[in-house]
Structures are given as structure tokens and as C-alpha cells.
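K.L.:
build the 3D model from these lines:
(one chain, ligands or ions: 2)
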Amino acid sequence: MAKPISIEVWNPSGKYRVVSTKSMPGTRWIRLLTDNDCRLEICTEAKTILSVDDILALIGDRCDAANRNGIAVGNTPGVLTETTAELAASLTLAAARRIVEADQFMRAGLYEGWLPHLFVGNLLKGQTVGVIGAGRIGSAYARMMIEGFKMNLIYYDLYQATRLEKFVTAYGQFLKANGEQPVTWKRAATMEDVLREADVISLHPVLDKTTYHLINPERLAIMKKDAVLVNASRGPVIDEVALVEHLKANPMFRVGLDVFEDEPYMKPGLADMKNAVVVPHIASASKWTREGMATLAALNVLGKIKGYPVWGNPNQVEPFLKESATPPPACPSIVNGMPSSKL
Ligand SMILES: NC(=O)C1=CN([C@@H]2O[C@H](COP(=O)(O)OP(=O)(O)OC[C@H]3O[C@@H](n4cnc5c(N)ncnc54)[C@H](O)[C@@H]3O)[C@@H](O)[C@H]2O)C=CC1
Ligand SMILES: O=C(O)C(=O)CO
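P.N.:
Ligands and ions are numbered 1, 2, ... in the order given. Okay, here's the model as predicted:
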């Protein structure tokens with residue numbers, strides 16, 4: 001039997017019991033629930049990842065009906081895209097321009113004056129950015145790198161990224177009309193084509209059996225020796241043991257990682273690699289996104305309680321996020337199609 005889990009309770013006399021496994025940023029999500037007759041229990045345990053036993057202890061045996069009939073599962077896809085893409089872009093720059101190494105050098109008091117060879121890195125302008133998985137986040141990242149740094153695009157996805165292609169074509173025409181070198185795009189026939197050609201490769205596929213260890217020793221071997229590899233998708237997309245070996249053998253090869261194969265741990269040796277920039281899964285950690293996630297999660301719960309239908313497009317959720325307006329009568333995003341009457 002797991003030990004009791006510590007909680008903070010809002011609106012104790014509320015009719016509907018809502019359990020949040022984490023404290024979340026902002027207060028709107030709390031207000032939305034407590035103003036609508038919910039008793040909100042927020043887990044206050046310091047540990048970040050709750051075990052299944054912990055979650056069972058939190059929910060307790062007071063959700064029998066929900067367990068018997070199946071529980072609606074909601075998510076919050078509409079607010080993560082740009083924030084996650086911006087972090088991937090930050091990792092790209094940090095790795096290409098060796099920001100973390102240079103910062104550590106400076107703080108260690110090692111800087112003795114300007115030198116032509118000090119922390120020389122890679123210029124992005126005019127180079128090729130490779131995107132694997134050109135969905136919501138991959139396409140947003142590609143646009144940032146193309147528009148911001150005038151990089152050419154090569155991408156691999158199971159589906160054609162038509163809107164992205166149109167954007168690059170139009171931007172290329174704009175540059176040309178202004179007397180600048182136009183940017184170009186190419187949809188690769190194979191992932192290997194991207195790995196061979198790109199100077200920067202950013203991974204944005206879903207994690208499934210087709211993308212597990214997508215980056216393996218064979219694929220690392222065909223990448224440019226001074227390429228930059230970024231992963232803000234899911235850790236197991238990279239064979240991290242192979243990556244550590246590759247970083248050791250190729251000091252000019254650099255990576256930026258937000259996610260790890262055995263999160264929260266890193267594979268042995270990764271932490272010692274100067275050519276790796278590592279951050280603790282913070283890609284969606286902007287105030288706007290995290291408060292938006294909290295609000296959308298609360299509105300999924302409320303929508304189910306009130307028997308509202310599911311919103312038509314879970315990627316277009318602005319009407320739910322307007323601080324001063326009453327949210328639409330809908331669940332922003334329910335992924336298992338559980339009807340409200342089952343709650
Ligand atoms: N680090 C973080 O905090 C966050 C990470 N993520 C992760 O980012 C990734 C992308 O998320 P979204 O853009 O929202 O998903 P999405 O579903 O919009 O895009 C994923 C793309 O991957 C493509 N894909 C699937 N299998 C593939 C394969 N074998 N090869 C190449 N492409 C393939 C799909 O066709 C799709 O276009 C996901 O893994 C998601 O879990 C999402 C949010 C935050
Ligand atoms: O929501 C996600 O997909 C995350 O990775 C956490 O922000």
C-alpha cells in the first residue's frame with residue numbers, strides 16, 4: 001500500500017472532485033474550476049514523477065463509476081507548438097555557437113582577451129536545416145530557421161508539408177525580389193538524404209516503433225562531422241549510448257538535447273561531453289504555454305462535467321485562453337472520445 005500523498009485543497013465543499021497531479025502555473029485554471037462547484041485537490045509532493053501507486057492513492061476509491069465506465073482523457077495540444085519550436089531553435093544556436101562552453105569558460109575566469117580561435121562555431125546563414133517530422137512543431141521550427149537565418153530546408157516526413165513548402169517558396173521569391181539569395185526547400189525521399197545533406201538536423205517526429213532509435217550508429221555515421229543535431233521530441237528517438245560514442249569520436253559534432261532516453265537520467269558519459277548542450281525537458285516551459293496548458297486541462301474537466309461537446313479544432317484554442325472572456329461551451333481536446341454521460 002502506497003503511503004498517503006500530500007495535497008492542497010481548494011473549495012473543499014465543491015460538488016465535483018478534481019485531482020491535479022501537479023501544481024500548475026497561473027491561477028485562472030483554479031478559478032475556472034472552483035467557480036464551477038469543483039473541489040480541487042492539488043498534489044504537493046516534492047517528487048516530480050508520480051508512480052502508478054501514487055496516482056492510485058491520489059484518486060483513491062472514490063472514482064468507482066469513472067473506473068468502471070472508462071475515464072475521459074484530455075490533452076492540450078494547441079499551446080505548445082511555438083514554445084517548443086523556440087526551444088529547439090535556442091538549442092540549435094547554443095550548440096552551433098558553443099554558448100554553454102563559452103559561458104563556463106568565462107565564469108571560470110579563463111578569459112584573457114580576444115583570440116581568433118576562441119570558441120569558433122558554425123554560421124547558420126546559407127546552410128541547410130534538416131527537419132525530421134515536419135508536423136506542427138517541426139514546421140514551426142523550420143520557419144524560424146529559414147526566416148531567421150536564411151537557411152535552406154530539407155525535410156523528411158511520411159506526409160507532404162504543403163504549407164511549409166509554400167512558405168519557403170514565397171519567402172524565397174521575396175528574398176530574390178530584394179536582391180538576396182533565395183532560400184530553397186526539398187522533400188527528401190529518405191531520412192538518410194536529410195542526414196547526409198543537412199548542416200543542422202532537428203528531430204520532431206512522434207515516438208512510435210518507426211521512430212524508436214531513429215538516430216542509431218549507422219545514421220550517425222552518415223551525418224556531416226561538424227553537423228548540429230537537436231532533439232526536443234522524445235528521448236528514445238535517439239540511441240543515446242551510440243550518441244555518446246559519436247560525440248567522443250567527433251568533437252566538432254554538436255548536439256542540443258531537451259529529452260533523454262531514460263529521463264530524468266542521462267546515459268553514462270553524456271554529462272562530460274563539451275559538445276553537448278543538455279536541458280531538463282523545458283521545451284514547453286514558457287509562462288504563456290504552461291498557463292495555457294493548465295487552463296485547457298481545467299476546461300477539459302469542466303466541459304466533461306457540464307456535458308459540453310468536444311471543440312472542433314484542438315490546435316485552435318485562442319477563444320479558451322482569453323483571460324477576460326467566458327470560455328466557449330466545449331471541451332478543448334478530448335482524445336478518447338468518451339461521451340460526457342459516462343463521467
Ligand atoms: N520536448 C517537449 O517538451 C515537447 C515535445 N513534444 C514532442 O514533439 C514531437 C512533435 O510534436 P508535434 O509537432 O505536436 O506532433 P505532430 O503530430 O504535429 O507532428 C509529428 C510529425 O511526425 C511525422 N512522423 C511520424 N512518423 C514519422 C517517421 N517515421 N518519420 C518521419 N516523420 C514521422 C508525422 O507525420 C507528423 O508530421 C512529438 O514527439 C511530441 O511528443 C511535444 C511538445 C513538447
Ligand atoms: O507536453 C509535452 O509533450 C511535453 O513534453 C511536456 O511539455
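K.L.:
how far does stretch 256-268 stretch from start to finish?
P.N.:
This stretch, stretch 256-268, spans 17 Å end to end (C-alpha to C-alpha, to the nearest Å).
K.L.:
contacts for it?
P.N.:
With contact meaning C-beta atoms under 8 Å, 6 or more residues apart in numbering, stretch 256-268 is reached by 48-49, 87-88, 90-92, 94-95, 228-241, 243-244, 270, 276-283. Placement of C-beta: from N, CA and C, glycine included.
K.L.:
and ligand 1, which of the residues you listed contact it?
P.N.:
With C-beta under 6 Å from any ligand atom as the criterion, the subset of those in contact with ligand 1 comprises 232-234, 281, 283.
K.L.:
for PyMOL, what selects the buried ones among the contacts of stretch 256-268?
P.N.:
Burial among those is assessed by 16 or more other C-beta atoms under 10 Å; the matching PyMOL selection reads:
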select buried, resi 87+88+90+91+92+94+95+228+229+230+231+232+233+234+235+236+237+238+239+240+243+244+270+276+277+278+279+281+283
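K.L.:
wait, which of the ones next to ligand 1 among the contacts of stretch 256-268 is closest to residue 207?
P.N.:
If you rank those by distance to residue 207 using C-beta to C-beta, residue 234 comes first, at 3.7 Å.
K.L.:
which residues of the stretch 51-200 of the chain fall in helices?
P.N.:
If you assign secondary structure with DSSP state H, counting those that start in this stretch, the helices in the stretch 51-200 of the chain sit at 52-59, 64-69, 81-96, 99-107, 136-149, 162-177, 191-197.
K.L.:
which bits of the stretch 201-343 of the chain sit near ligand 1?
P.N.:
By C-beta under 6 Å from any ligand atom, the part of the stretch 201-343 of the chain that sits against ligand 1 consists of 204-207, 210-211, 232-234, 258-259, 281, 283-284.
K.L.:
tell me which two of those sit farthest apart.
P.N.:
Spatially, the most separated pair among those is 210 and 284, at 23.6 Å (C-beta to C-beta).
K.L.:
the two: who's more crowded?
P.N.:
More neighbours surround residue 284 than the other of residue 210 and residue 284, with 19 against 9 (other C-beta atoms under 10 Å).
K.L.:
now do the contacts for the more buried one.
P.N.:
Residue 284 sits next to 80, 83-84, 87, 290, 293 when contact means C-beta under 8 Å, 6+ apart.
K.L.:
neighbours of the residue nearest to residue 314 when sequence neighbours are not counted, how many?
P.N.:
When the adjacent residues along the chain are set aside, residue 314 lies closest to residue 333, with 3.6 Å between them (C-beta to C-beta, 6 or more residues apart in numbering). The local packing count at residue 333 equals 23, with neighbours defined by other C-beta under 10 Å.
K.L.:
I'd assumed residue 80 was in contact with residue 333.
P.N.:
No - the criterion here is C-beta atoms under 8 Å, and residue 333 misses it with residue 80 at 11.6 Å.
K.L.:
what comes up buried for the lengthiest helix in the chain?
P.N.:
Across the chain, the longest stretch assigned as helix under DSSP state H is helix 287-306. When neighbours are counted by 16+ other C-beta under 10 Å, the buried residues of helix 287-306 are found to be 289-305.
K.L.:
ok, stretch 113-126 next?
P.N.:
For stretch 113-126, the neighbour count (16+ other C-beta under 10 Å) marks 121-122, 124 as buried.
K.L.:
restrict the residues you listed to those near ligand 1?
P.N.:
Of the entries in the buried residues of stretch 113-126, none also sits close to ligand 1 under the rule C-beta under 6 Å from any ligand atom.
K.L.:
quick check: the gap between the closest residue to residue 216 other than its chain neighbours and residue 122.
P.N.:
Excluding its sequence neighbours, the residue lying closest to residue 216 (C-beta to C-beta, 6+ apart) is residue 239, at 4.8 Å. As judged by C-beta to C-beta, to the nearest Å, residue 239 and residue 122 stand 24 Å apart.
K.L.:
and residue 112, by the same measure?
P.N.:
Relative to residue 122, residue 112 is positioned 24 Å away (C-beta to C-beta).
K.L.:
can you pull the contacts of the residue of the chain found nearest ligand 1?
P.N.:
Closest approach between the chain and ligand 1, counting by C-beta to the nearest ligand atom: residue 135, at 1.8 Å. For residue 135, the residues meeting the contact criterion (C-beta under 8 Å, 6+ apart) are 157, 204-206.
K.L.:
and residue 8, by the same measure?
P.N.:
Residues in contact with residue 8, defined by C-beta under 8 Å, 6+ apart, are 23, 41-42, 44.
K.L.:
could you dump the one helix or strand it maps to to CSV, C-alpha only?
P.N.:
Residue 8 is part of strand 7-10, with elements assigned from DSSP states H and E. Extracted as CSV, the C-alpha positions of strand 7-10 are listed here (Å, rounded to 0.1, in the frame of the first residue of the first chain):
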residue,chain,number,x,y,z
ILE,A,7,-2.5,17.6,-1.2
GLU,A,8,-3.7,21.2,-1.1
VAL,A,9,-7.5,21.6,-1.2
TRP,A,10,-9.4,24.4,-2.9
